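Novice: Sequence below, structure please.
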Amino acid sequence: MPTSTVIKKLSIAVAGIATIAIAMPLSAAAATLYSITDLGNISPTAINNRGQVVGFSVTPSGYSRAVIWENGIITDLGTPGSNYSDSRATDINDLGQVVGNSYNNAGRFERAFLWDKGKMIDLGILGSNDISSQANGINNRGQVVGTILYNSSENRMGRYRGFLWENGTMTELLPGSQENCFRSHSCYGYSALGINDAGQVVGYSGHPMSMGSPARAFIWQNGSMNDLGLYLNSYRGRSSTAKKINNAGQVVAVKFTPGDWPPHDDGIFLLENCSAFPGSGQRCKVTDLGNTDGEYTSVVDINDVGQIIGPFGLWENGTVTAPNSLLPKNSGWESLSLLAINNSGQIVGSGSFHGKGRGFLMTPGFESVPEPNLALGLLAFGAFGAGAMVKRQRQGQAWAMTSITPQRSRLSGT
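Specialist: This is a model prediction of the structure:
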(Lines give C-alpha, C1' and ligand atoms only; values in the text may rest on other atoms or scores of the structure.)
Protein backbone atom coordinates (compact mmCIF):
# COMPACT_ATOMS: atom_id res chain seq x y z
CA MET A 1 0.00 0.00 0.00
CA PRO A 2 1.42 3.43 -0.89
CA THR A 3 2.68 5.54 1.97
CA SER A 4 0.30 8.37 1.08
CA THR A 5 -2.66 6.01 1.40
CA VAL A 6 -1.53 4.88 4.86
CA ILE A 7 -1.06 8.45 6.01
CA LYS A 8 -4.46 9.41 4.60
CA LYS A 9 -6.22 6.56 6.42
CA LEU A 10 -4.39 7.33 9.64
CA SER A 11 -5.39 10.99 9.35
CA ILE A 12 -9.03 10.03 8.86
CA ALA A 13 -8.89 7.73 11.88
CA VAL A 14 -7.29 10.36 14.10
CA ALA A 15 -9.80 12.95 12.88
CA GLY A 16 -12.63 10.59 13.78
CA ILE A 17 -11.19 10.07 17.24
CA ALA A 18 -10.80 13.82 17.66
CA THR A 19 -14.45 14.31 16.68
CA ILE A 20 -15.52 11.80 19.34
CA ALA A 21 -13.28 13.49 21.91
CA ILE A 22 -14.66 16.94 21.16
CA ALA A 23 -18.23 15.68 21.39
CA MET A 24 -17.53 14.07 24.76
CA PRO A 25 -17.99 16.59 27.64
CA LEU A 26 -14.81 16.49 29.69
CA SER A 27 -16.64 17.60 32.83
CA ALA A 28 -19.18 14.77 32.73
CA ALA A 29 -18.82 12.52 35.78
CA ALA A 30 -18.81 8.78 35.26
CA ALA A 31 -21.69 6.81 36.72
CA THR A 32 -20.83 5.36 40.12
CA LEU A 33 -20.92 1.62 40.62
CA TYR A 34 -20.50 -0.23 43.91
CA SER A 35 -18.08 -2.86 45.09
CA ILE A 36 -19.72 -5.59 47.15
CA THR A 37 -18.58 -7.50 50.23
CA ASP A 38 -20.07 -10.90 50.99
CA LEU A 39 -21.24 -10.94 54.63
CA GLY A 40 -21.97 -14.65 54.62
CA ASN A 41 -25.06 -15.91 56.40
CA ILE A 42 -25.65 -12.61 58.23
CA SER A 43 -29.07 -11.02 57.74
CA PRO A 44 -28.09 -7.32 58.08
CA THR A 45 -30.47 -4.69 59.42
CA ALA A 46 -28.43 -1.50 59.93
CA ILE A 47 -25.07 0.18 59.31
CA ASN A 48 -23.48 3.16 61.08
CA ASN A 49 -21.14 5.82 59.70
CA ARG A 50 -18.09 3.81 60.79
CA GLY A 51 -19.11 0.95 58.52
CA GLN A 52 -20.14 -1.36 61.36
CA VAL A 53 -22.99 -3.65 60.34
CA VAL A 54 -25.52 -5.30 62.65
CA GLY A 55 -28.17 -7.92 62.11
CA PHE A 56 -28.54 -11.55 63.06
CA SER A 57 -27.17 -14.93 62.13
CA VAL A 58 -28.61 -18.40 62.65
CA THR A 59 -26.51 -20.81 64.73
CA PRO A 60 -26.02 -24.49 63.76
CA SER A 61 -28.61 -25.38 66.42
CA GLY A 62 -31.19 -23.16 64.71
CA TYR A 63 -31.22 -20.17 67.08
CA SER A 64 -30.86 -16.60 65.85
CA ARG A 65 -28.21 -14.42 67.45
CA ALA A 66 -27.64 -10.69 67.20
CA VAL A 67 -24.27 -9.99 65.58
CA ILE A 68 -22.03 -7.07 64.69
CA TRP A 69 -19.73 -7.16 61.65
CA GLU A 70 -16.64 -4.96 61.45
CA ASN A 71 -13.78 -5.26 58.95
CA GLY A 72 -14.60 -8.89 58.28
CA ILE A 73 -14.92 -9.93 61.92
CA ILE A 74 -18.31 -11.15 63.19
CA THR A 75 -19.08 -10.92 66.91
CA ASP A 76 -22.00 -12.75 68.53
CA LEU A 77 -23.72 -10.33 70.93
CA GLY A 78 -25.49 -13.09 72.85
CA THR A 79 -28.76 -12.64 74.79
CA PRO A 80 -29.72 -10.73 77.97
CA GLY A 81 -29.83 -13.94 80.02
CA SER A 82 -30.52 -17.65 80.20
CA ASN A 83 -34.27 -17.10 79.84
CA TYR A 84 -33.75 -15.92 76.27
CA SER A 85 -32.80 -18.23 73.43
CA ASP A 86 -32.76 -15.84 70.46
CA SER A 87 -31.74 -12.26 69.72
CA ARG A 88 -31.73 -9.94 66.72
CA ALA A 89 -30.11 -6.51 66.32
CA THR A 90 -32.18 -3.75 64.73
CA ASP A 91 -30.01 -0.60 64.81
CA ILE A 92 -26.55 0.77 65.69
CA ASN A 93 -25.30 4.32 66.33
CA ASP A 94 -21.88 5.82 65.59
CA LEU A 95 -20.66 4.97 69.11
CA GLY A 96 -21.13 1.28 68.36
CA GLN A 97 -24.14 0.95 70.69
CA VAL A 98 -26.55 -1.68 69.39
CA VAL A 99 -30.25 -2.13 70.05
CA GLY A 100 -32.42 -5.08 69.24
CA ASN A 101 -34.80 -7.66 70.58
CA SER A 102 -34.45 -10.96 72.39
CA TYR A 103 -36.98 -13.77 72.60
CA ASN A 104 -37.77 -16.02 75.53
CA ASN A 105 -37.25 -19.75 75.37
CA ALA A 106 -40.85 -20.26 74.24
CA GLY A 107 -40.13 -17.94 71.31
CA ARG A 108 -43.27 -15.89 71.95
CA PHE A 109 -42.50 -12.58 73.65
CA GLU A 110 -39.81 -10.03 72.96
CA ARG A 111 -37.68 -7.92 75.25
CA ALA A 112 -35.79 -4.87 73.97
CA PHE A 113 -32.05 -4.73 74.67
CA LEU A 114 -29.13 -2.31 74.44
CA TRP A 115 -25.64 -3.72 73.81
CA ASP A 116 -22.79 -1.40 74.80
CA LYS A 117 -19.08 -2.24 75.05
CA GLY A 118 -19.68 -5.95 75.42
CA LYS A 119 -22.52 -5.66 77.92
CA MET A 120 -26.15 -6.41 77.05
CA ILE A 121 -28.79 -4.46 78.97
CA ASP A 122 -32.43 -5.56 79.23
CA LEU A 123 -34.49 -2.39 78.67
CA GLY A 124 -37.50 -3.90 80.43
CA ILE A 125 -41.15 -2.88 80.16
CA LEU A 126 -43.30 -0.04 81.49
CA GLY A 127 -45.99 -1.70 83.61
CA SER A 128 -47.29 -4.95 85.03
CA ASN A 129 -49.76 -5.36 82.17
CA ASP A 130 -47.05 -5.13 79.53
CA ILE A 131 -46.32 -8.28 77.56
CA SER A 132 -43.19 -7.35 75.64
CA SER A 133 -40.97 -4.52 74.41
CA GLN A 134 -39.33 -3.97 71.05
CA ALA A 135 -36.43 -1.59 70.26
CA ASN A 136 -36.53 -0.09 66.77
CA GLY A 137 -33.94 2.70 66.70
CA ILE A 138 -31.11 4.49 68.53
CA ASN A 139 -29.47 7.88 67.95
CA ASN A 140 -25.96 9.13 68.74
CA ARG A 141 -27.12 10.41 72.15
CA GLY A 142 -27.97 6.87 73.19
CA GLN A 143 -31.73 7.50 73.11
CA VAL A 144 -33.70 4.39 72.16
CA VAL A 145 -37.22 4.27 70.70
CA GLY A 146 -39.53 1.33 70.29
CA THR A 147 -42.86 -0.22 71.11
CA ILE A 148 -44.50 -1.73 74.19
CA LEU A 149 -47.20 -4.37 73.74
CA TYR A 150 -49.64 -4.76 76.62
CA ASN A 151 -52.77 -6.73 77.50
CA SER A 152 -56.15 -5.21 76.71
CA SER A 153 -59.57 -6.62 77.49
CA GLU A 154 -60.95 -4.64 74.54
CA ASN A 155 -58.74 -6.28 71.94
CA ARG A 156 -57.60 -9.88 71.99
CA MET A 157 -54.59 -8.90 69.85
CA GLY A 158 -53.36 -6.57 72.58
CA ARG A 159 -52.44 -2.91 72.19
CA TYR A 160 -49.17 -1.10 71.85
CA ARG A 161 -47.61 2.28 72.51
CA GLY A 162 -44.32 3.99 71.72
CA PHE A 163 -41.53 4.49 74.25
CA LEU A 164 -38.36 6.51 74.66
CA TRP A 165 -35.52 5.02 76.73
CA GLU A 166 -32.71 7.26 77.99
CA ASN A 167 -30.08 6.81 80.71
CA GLY A 168 -31.82 3.81 82.23
CA THR A 169 -35.34 5.26 82.21
CA MET A 170 -38.16 4.20 79.89
CA THR A 171 -41.04 6.64 79.34
CA GLU A 172 -44.12 6.58 77.15
CA LEU A 173 -44.17 9.13 74.34
CA LEU A 174 -47.79 10.09 75.06
CA PRO A 175 -48.57 9.26 78.71
CA GLY A 176 -52.16 8.20 79.36
CA SER A 177 -52.80 7.51 75.70
CA GLN A 178 -53.69 3.83 76.04
CA GLU A 179 -57.40 4.44 75.49
CA ASN A 180 -57.48 7.53 73.28
CA CYS A 181 -54.42 6.66 71.19
CA PHE A 182 -53.43 9.88 69.49
CA ARG A 183 -56.79 11.60 68.95
CA SER A 184 -58.74 8.41 68.27
CA HIS A 185 -60.91 6.31 70.59
CA SER A 186 -60.94 3.25 68.36
CA CYS A 187 -57.35 2.59 67.34
CA TYR A 188 -54.89 -0.08 68.41
CA GLY A 189 -52.10 2.17 69.65
CA TYR A 190 -48.98 3.77 68.22
CA SER A 191 -45.43 2.67 67.50
CA ALA A 192 -42.10 4.57 67.42
CA LEU A 193 -39.87 3.45 64.55
CA GLY A 194 -37.02 5.96 64.19
CA ILE A 195 -35.21 8.79 65.98
CA ASN A 196 -32.62 11.39 64.95
CA ASP A 197 -29.96 13.15 67.03
CA ALA A 198 -32.33 16.06 67.81
CA GLY A 199 -34.67 13.62 69.54
CA GLN A 200 -37.36 13.80 66.85
CA VAL A 201 -39.26 10.51 66.65
CA VAL A 202 -41.34 9.11 63.79
CA GLY A 203 -43.72 6.18 63.53
CA TYR A 204 -47.41 5.50 63.14
CA SER A 205 -50.64 5.35 65.13
CA GLY A 206 -53.50 2.96 64.47
CA HIS A 207 -53.04 -0.47 62.91
CA PRO A 208 -51.33 -0.83 59.51
CA MET A 209 -53.70 -3.59 58.38
CA SER A 210 -56.94 -2.40 60.02
CA MET A 211 -59.76 -1.14 57.81
CA GLY A 212 -61.52 0.47 60.78
CA SER A 213 -58.49 2.30 62.15
CA PRO A 214 -55.97 2.94 59.35
CA ALA A 215 -52.43 3.83 60.38
CA ARG A 216 -51.33 7.48 60.42
CA ALA A 217 -47.73 8.63 60.17
CA PHE A 218 -46.56 10.95 62.96
CA ILE A 219 -43.61 13.01 64.16
CA TRP A 220 -42.98 13.53 67.90
CA GLN A 221 -40.69 15.90 69.79
CA ASN A 222 -40.53 16.95 73.45
CA GLY A 223 -43.94 15.53 74.31
CA SER A 224 -45.78 16.93 71.29
CA MET A 225 -47.00 14.81 68.39
CA ASN A 226 -48.14 15.93 64.93
CA ASP A 227 -50.18 13.91 62.44
CA LEU A 228 -48.17 13.63 59.21
CA GLY A 229 -51.01 11.69 57.63
CA LEU A 230 -52.78 15.03 57.10
CA TYR A 231 -50.18 15.99 54.50
CA LEU A 232 -50.54 12.65 52.71
CA ASN A 233 -54.36 12.51 52.53
CA SER A 234 -54.51 13.64 48.92
CA TYR A 235 -52.17 10.89 47.78
CA ARG A 236 -53.06 7.28 46.94
CA GLY A 237 -53.52 4.80 49.77
CA ARG A 238 -55.41 5.02 53.08
CA SER A 239 -52.78 4.15 55.70
CA SER A 240 -49.44 5.91 56.19
CA THR A 241 -46.34 5.05 58.18
CA ALA A 242 -43.28 7.24 58.85
CA LYS A 243 -40.32 4.87 58.70
CA LYS A 244 -37.17 6.96 59.31
CA ILE A 245 -36.01 10.52 60.02
CA ASN A 246 -32.50 11.86 59.37
CA ASN A 247 -30.56 14.61 61.12
CA ALA A 248 -31.81 17.15 58.58
CA GLY A 249 -35.37 16.41 59.70
CA GLN A 250 -36.28 14.68 56.44
CA VAL A 251 -38.85 11.90 56.89
CA VAL A 252 -39.40 8.96 54.58
CA ALA A 253 -42.92 7.52 54.71
CA VAL A 254 -45.01 4.95 52.87
CA LYS A 255 -48.73 4.74 52.09
CA PHE A 256 -50.75 1.59 51.51
CA THR A 257 -54.31 0.29 51.56
CA PRO A 258 -55.19 -1.87 54.57
CA GLY A 259 -57.00 -5.09 53.82
CA ASP A 260 -55.15 -5.74 50.55
CA TRP A 261 -53.52 -9.15 50.35
CA PRO A 262 -50.75 -9.63 49.69
CA PRO A 263 -49.95 -6.21 51.17
CA HIS A 264 -48.36 -3.72 48.81
CA ASP A 265 -47.39 -0.06 48.85
CA ASP A 266 -49.33 2.65 47.08
CA GLY A 267 -46.45 5.09 47.27
CA ILE A 268 -43.26 6.26 49.00
CA PHE A 269 -42.88 9.88 50.08
CA LEU A 270 -40.23 12.29 51.32
CA LEU A 271 -41.50 14.84 53.85
CA GLU A 272 -39.42 17.93 54.70
CA ASN A 273 -39.76 20.93 57.01
CA CYS A 274 -42.23 19.09 59.26
CA SER A 275 -42.95 20.28 62.80
CA ALA A 276 -43.99 18.10 65.73
CA PHE A 277 -46.07 20.98 67.08
CA PRO A 278 -49.55 21.12 65.44
CA GLY A 279 -50.07 24.86 66.06
CA SER A 280 -46.76 25.98 64.60
CA GLY A 281 -48.25 26.86 61.20
CA GLN A 282 -45.34 25.04 59.60
CA ARG A 283 -46.35 22.85 56.66
CA CYS A 284 -44.53 19.80 55.38
CA LYS A 285 -43.15 19.75 51.88
CA VAL A 286 -44.13 16.42 50.29
CA THR A 287 -42.23 14.78 47.43
CA ASP A 288 -43.88 11.78 45.80
CA LEU A 289 -41.17 9.23 45.03
CA GLY A 290 -43.55 6.94 43.15
CA ASN A 291 -44.64 3.39 43.91
CA THR A 292 -42.77 0.12 44.27
CA ASP A 293 -44.45 -1.85 41.48
CA GLY A 294 -46.64 -3.75 43.91
CA GLU A 295 -43.92 -4.54 46.46
CA TYR A 296 -44.46 -4.08 50.18
CA THR A 297 -41.88 -1.78 51.75
CA SER A 298 -41.36 -3.25 55.19
CA VAL A 299 -37.93 -1.59 55.25
CA VAL A 300 -36.87 1.79 53.88
CA ASP A 301 -34.04 4.08 55.04
CA ILE A 302 -32.66 7.60 54.51
CA ASN A 303 -29.23 9.04 55.32
CA ASP A 304 -28.25 12.62 56.19
CA VAL A 305 -27.40 13.34 52.54
CA GLY A 306 -30.99 12.59 51.55
CA GLN A 307 -30.33 9.31 49.74
CA ILE A 308 -33.21 6.86 50.17
CA ILE A 309 -33.10 3.09 49.73
CA GLY A 310 -35.76 0.41 49.65
CA PRO A 311 -36.92 -2.53 47.51
CA PHE A 312 -37.14 -0.11 44.56
CA GLY A 313 -33.39 0.60 44.74
CA LEU A 314 -31.58 3.88 45.45
CA TRP A 315 -33.35 7.25 45.17
CA GLU A 316 -31.12 10.33 44.86
CA ASN A 317 -32.03 13.81 43.64
CA GLY A 318 -35.11 12.59 41.81
CA THR A 319 -33.44 9.62 40.13
CA VAL A 320 -34.10 5.97 41.01
CA THR A 321 -31.47 3.31 40.32
CA ALA A 322 -32.56 -0.33 40.47
CA PRO A 323 -30.58 -2.49 42.95
CA ASN A 324 -28.77 -4.64 40.38
CA SER A 325 -27.89 -1.57 38.31
CA LEU A 326 -25.66 -0.40 41.17
CA LEU A 327 -23.32 -3.35 40.57
CA PRO A 328 -21.01 -4.16 37.65
CA LYS A 329 -22.32 -6.64 35.12
CA ASN A 330 -21.71 -10.33 35.79
CA SER A 331 -21.20 -9.72 39.52
CA GLY A 332 -22.97 -12.98 40.34
CA TRP A 333 -25.50 -11.25 42.63
CA GLU A 334 -29.25 -11.35 42.05
CA SER A 335 -32.54 -10.51 43.82
CA LEU A 336 -30.99 -7.72 45.90
CA SER A 337 -32.95 -6.15 48.78
CA LEU A 338 -31.50 -2.86 50.06
CA LEU A 339 -32.09 -2.48 53.80
CA ALA A 340 -29.99 0.38 55.25
CA ILE A 341 -27.62 3.16 54.14
CA ASN A 342 -25.05 5.34 55.94
CA ASN A 343 -23.80 8.85 55.21
CA SER A 344 -20.96 7.54 53.02
CA GLY A 345 -23.49 5.84 50.77
CA GLN A 346 -22.61 2.34 51.96
CA ILE A 347 -25.61 0.02 51.69
CA VAL A 348 -26.35 -3.27 53.42
CA GLY A 349 -28.91 -5.81 52.38
CA SER A 350 -29.53 -9.37 51.36
CA GLY A 351 -29.53 -11.19 48.06
CA SER A 352 -28.56 -14.28 46.15
CA PHE A 353 -24.92 -14.90 45.18
CA HIS A 354 -24.63 -17.69 42.62
CA GLY A 355 -27.91 -19.11 43.89
CA LYS A 356 -27.16 -18.90 47.63
CA GLY A 357 -28.78 -16.45 50.04
CA ARG A 358 -26.20 -14.03 51.50
CA GLY A 359 -25.92 -10.72 53.28
CA PHE A 360 -23.87 -7.99 51.63
CA LEU A 361 -22.22 -4.61 52.10
CA MET A 362 -22.08 -2.35 49.04
CA THR A 363 -19.53 0.49 48.91
CA PRO A 364 -19.35 3.21 46.22
CA GLY A 365 -16.15 2.51 44.31
CA PHE A 366 -16.25 1.29 40.73
CA GLU A 367 -16.70 3.78 37.89
CA SER A 368 -18.21 2.95 34.53
CA VAL A 369 -16.68 4.05 31.22
CA PRO A 370 -16.32 6.48 29.58
CA GLU A 371 -14.23 8.46 32.05
CA PRO A 372 -13.45 12.15 31.45
CA ASN A 373 -9.72 11.58 30.82
CA LEU A 374 -10.43 8.91 28.19
CA ALA A 375 -10.99 11.58 25.52
CA LEU A 376 -7.59 13.16 26.24
CA GLY A 377 -5.98 9.75 25.95
CA LEU A 378 -7.56 9.22 22.55
CA LEU A 379 -6.16 12.50 21.27
CA ALA A 380 -2.71 11.94 22.75
CA PHE A 381 -2.06 8.48 21.40
CA GLY A 382 -3.99 8.57 18.15
CA ALA A 383 -6.24 5.92 16.71
CA PHE A 384 -3.94 2.93 17.14
CA GLY A 385 -2.61 3.90 20.56
CA ALA A 386 -6.12 4.74 21.74
CA GLY A 387 -7.43 1.43 20.52
CA ALA A 388 -4.77 -0.40 22.49
CA MET A 389 -5.50 1.71 25.57
CA VAL A 390 -9.24 1.01 25.34
CA LYS A 391 -8.53 -2.70 24.96
CA ARG A 392 -6.30 -2.71 28.06
CA GLN A 393 -8.86 -0.68 29.99
CA ARG A 394 -11.68 -3.06 29.11
CA GLN A 395 -9.57 -6.09 30.02
CA GLY A 396 -8.78 -4.53 33.40
CA GLN A 397 -12.43 -3.75 34.03
CA ALA A 398 -13.50 -7.27 33.10
CA TRP A 399 -11.31 -8.54 35.95
CA ALA A 400 -12.26 -5.82 38.44
CA MET A 401 -15.98 -5.99 37.84
CA THR A 402 -16.24 -9.70 38.56
CA SER A 403 -14.15 -9.65 41.72
CA ILE A 404 -15.84 -9.97 45.11
CA THR A 405 -14.22 -8.62 48.24
CA PRO A 406 -13.15 -11.67 50.26
CA GLN A 407 -14.91 -12.33 53.55
CA ARG A 408 -12.58 -12.59 56.56
CA SER A 409 -15.14 -13.56 59.16
CA ARG A 410 -14.84 -15.43 62.38
CA LEU A 411 -17.32 -15.95 65.18
CA SER A 412 -16.45 -14.64 68.61
CA GLY A 413 -18.29 -13.77 71.80
CA THR A 414 -20.78 -15.94 73.64
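Novice: Tell me which stretches of this structure form helices.
Specialist: Listed in chain order, the helices of the chain (DSSP state H) span 3-23, 229-232, 372-401.
Novice: Who are the packing partners of the shortest one?
Specialist: Contacts of helix 229-232 with other secondary structure elements, assessed using 3 or more Cβ pairs under 8 Å, 6 or more residues apart in numbering; DSSP states H and E, are made with strand 216-221. From N, CA and C alone the C-beta is placed, and that goes for glycine too.
Novice: residues in contact with the strand it packs on?
Specialist: 162, 173-174, 182, 190, 192, 198-206, 225-229, 232, 239-242, 245, 251, 253, 274-277 (Cβ atoms under 8 Å, 6 or more residues apart in numbering).
Novice: Buried among the residues you listed? Make that a PyMOL selection.
Specialist: The PyMOL command for the buried members of the contacts of strand 216-221 (criterion: 16 or more other Cβ atoms under 10 Å) is given here:
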select buried, resi 162+173+174+182+190+192+199+200+201+202+203+204+205+206+225+226+227+228+229+232+239+240+241+242+245+251+253+274+275+276
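Novice: Low-confidence stretches in the stretch 51-200 of the chain?
Specialist: 106-108, 152-158, 176-188 (pLDDT under 70).
Novice: If we use 90, what do you get?
Specialist: Residue ranges of the stretch 51-200 of the chain with pLDDT under 90: 61, 80-85, 103-110, 126-131, 149-161, 174-190.
Novice: Tell me where it has strands.
Specialist: Ranges of strands in the stretch 51-200 of the chain, per DSSP state E, counting those that start in this stretch, are 53-58, 64-70, 73-78, 84-92, 98-104, 110-116, 119-122, 130-138, 144-150, 159-166, 169-172, 190-195.
Novice: Give the buried residues for the fourth one.
Specialist: It refers to strand 84-92. Neighbour-count burial for strand 84-92 flags Tyr84, Ser85, Asp86, Ser87, Arg88, Ala89, Thr90, Asp91, Ile92 (criterion: 16+ other Cβ under 10 Å).
Novice: can you list the residues you listed in TSV and add distance to Gly118?
Specialist: What follows is the buried residues of strand 84-92, written out as TSV (distance: Cβ to Cβ, whole Å):
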residue	distance to Gly118
Tyr84	17
Ser85	20
Asp86	20
Ser87	14
Arg88	18
Ala89	14
Thr90	19
Asp91	18
Ile92	14
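Novice: Which of those sits closest to Gly100?
Specialist: Taking Cβ to Cβ as the measure, Gly100 lies nearest Ala89 of the buried residues of strand 84-92, at 3.9 Å.
Novice: Could you measure from the residue nearest to Ile309 when sequence neighbours are not counted over to Gly267?
Specialist: Spatial nearest neighbour of Ile309, chain neighbours left out: Leu338 (4.1 Å); criterion: Cβ to Cβ, 6 or more residues apart in numbering. Per Cβ to Cβ, to the nearest Å, Leu338 is found 18 Å from Gly267.
Novice: Show me which of those two is the more surrounded one.
Specialist: Leu338 (24 against 19; other Cβ atoms under 10 Å).
Novice: what does the model give the more buried one for pLDDT?
Specialist: Looking at Leu338, its pLDDT reads 96.
Novice: Apart from its chain neighbours, what residue comes closest to Asp122?
Specialist: Pro80 (4.3 Å).
Novice: My understanding was that the one you found contacts Phe113; is that so?
Specialist: Yes - in this structure, Pro80 is within contact of Phe113 by Cβ atoms under 8 Å, at 5.3 Å.
Novice: who touches both of the two?
Specialist: Ser87, Ser102, Met120, Ile121, Asp122.
Novice: In this structure the first one contacts Asn104, no?
Specialist: Yep, that's Ser87 we're talking about. No - counting by Cβ under 8 Å, Ser87 does not reach Asn104; the two are 11.0 Å apart.
Novice: Quick check: which ranges of the stretch 201-350 of the chain have low pLDDT?
Specialist: Flagging of the stretch 201-350 of the chain using pLDDT under 90 yields the residue ranges 205-216, 227, 229-240, 254-268, 277-283, 289-299, 310-312, 329-330.
Novice: Does anything pack onto the longest strand belonging to the chain? Which helices or strands?
Specialist: In the chain, with assignment by DSSP state E, the single longest strand is strand 356-367. With contacts taken as 3+ Cβ pairs under 8 Å, 6+ apart, strand 356-367 sits against strand 32-40, strand 43-47, strand 53-58, strand 347-353.
Novice: where's the nearest residue to Pro323 once chain neighbours are set aside relative to Gly359, distance?
Specialist: Using Cβ to Cβ, 6+ apart and skipping residues adjacent in sequence, the residue nearest Pro323 is Leu336, 3.7 Å away. The spacing between Leu336 and Gly359, counted by Cβ to Cβ, is 11 Å.
Novice: overlap in contacts of the two?
Specialist: Shared contacts of Leu336 and Gly359, defined by Cβ under 8 Å, 6+ apart, comprise Gly349, Ser350.
Novice: what pairs with the nearest residue to Asp130 once chain neighbours are set aside across the strands?
Specialist: Leaving aside its chain neighbours, Asp130 sits nearest to Tyr150 (4.5 Å; criterion: Cβ to Cβ, 6+ apart). Beta-bridge partners recorded for Tyr150 (DSSP bridges): Asp130, Arg159.
Novice: Does Tyr150 touch Tyr160 like I think?
Specialist: Yes - here Tyr150 reaches Tyr160: they are 7.2 Å apart, a contact under Cβ under 8 Å.
Novice: ok, the spatially closest residue to Leu271 that is not a sequence neighbour to Ala217 distance?
Specialist: Nearest non-adjacent residue to Leu271, counting by Cβ to Cβ, 6+ apart: Val251, 4.2 Å away. Computed with Cβ to Cβ, the distance linking Val251 and Ala217 is 8 Å.
Novice: Need the residues touching each of the two.
Specialist: With Cβ under 8 Å, 6+ apart, Val251 and Ala217 have common neighbours Val202, Leu228, Ala242.
Novice: mind listing what's buried in stretch 112-121?
Specialist: Applying 16+ other Cβ under 10 Å to stretch 112-121 flags Ala112, Phe113, Leu114, Trp115, Met120, Ile121 as buried.
Novice: will you turn those residues into a markdown table that also has distance to Val54?
Specialist: A markdown table is the format used below for the buried residues of stretch 112-121 (distance: Cβ to Cβ, whole Å):
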| residue | distance to Val54 |
| --- | --- |
| Ala112 | 14 |
| Phe113 | 12 |
| Leu114 | 12 |
| Trp115 | 9 |
| Met120 | 13 |
| Ile121 | 16 |
